[in-house]
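K.L.:
Just need the structure, nothing else, for what follows:
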Amino acid sequence: MVVSISYSEVEQYIAHHFQREITFKLEDSSQLNIATPLKVLGFTKYISINIGVVKIENAKIFLTYSGKLGIDLLVNPTIAFFRRLLPEKANFIRTDTGNVIELNLQEIDELQSVFEKMDLQSITFEENSFHIEADLKS
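P.N.:
Numbers count the residues shown, from 1 in each chain. Purely as a prediction, here's the structure:
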């Protein structure tokens, strides 16, 4: 099974549900740039991070990240904040060594039944969309 989700669709979803502007831009087939504006003292500064998929194990996605100097100073506290905000879902996201983030999608209640029926195979980035491949379980 192949699913394609456009970047604009995800951007609109995030804007609507989280009131946050975010943009996706393809860096290359393995890297996606994610940017968001941050207002500081009346000025708008864009903060961006490059994300790539390292591997997928069942419902766990391992992402690598890179960015400008100091991106680690934002990533680790942000993950710690989410873990404190949702302690019952603390296993959903965690950092690993070497700028790797582990997402355990099985921890999201709405996705549990999905992963009972399918195995996620790959996530790649295209010019305007995410390309997701999965196999149905027999």
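K.L.:
rest of the way, CA atoms for contacts and neighbours
P.N.:
Will do.
K.L.:
Contact partners for Phe43?
P.N.:
If you count contacts by Cα atoms under 8 Å, 6 or more residues apart in numbering, Phe43 has none.
K.L.:
Which strand residues bridge it?
P.N.:
Note on Phe43: beta-bridge partners Val40, judged by DSSP bridges.
K.L.:
Would you map the helices across this protein?
P.N.:
Counting by DSSP state H, the chain has helices at residues 7-18, 71-85, 109-117.
K.L.:
Would you single out the least confident of those helices?
P.N.:
Here the lowest mean pLDDT among the helices of the chain goes to helix 71-85, at a mean of 78.
K.L.:
contacting residues around that one?
P.N.:
Residues lying outside helix 71-85 but in contact with it, judged by Cα under 8 Å, 6+ apart, are Ile49, Lys89, Ala90, Asn91, Ile93, Arg94, Thr95, Asn99.
K.L.:
So which of those residues is the closest to Glu11?
P.N.:
Closest approach between those and Glu11, by Cα to Cα: Ile49, at 15.4 Å.
K.L.:
who touches the closest one in this structure?
P.N.:
The contact partners of Ile49, taken as Cα under 8 Å, 6+ apart, are Asn33, Ile34, Ala35, Tyr65, Ser66, Gly67, Lys68, Ile71.
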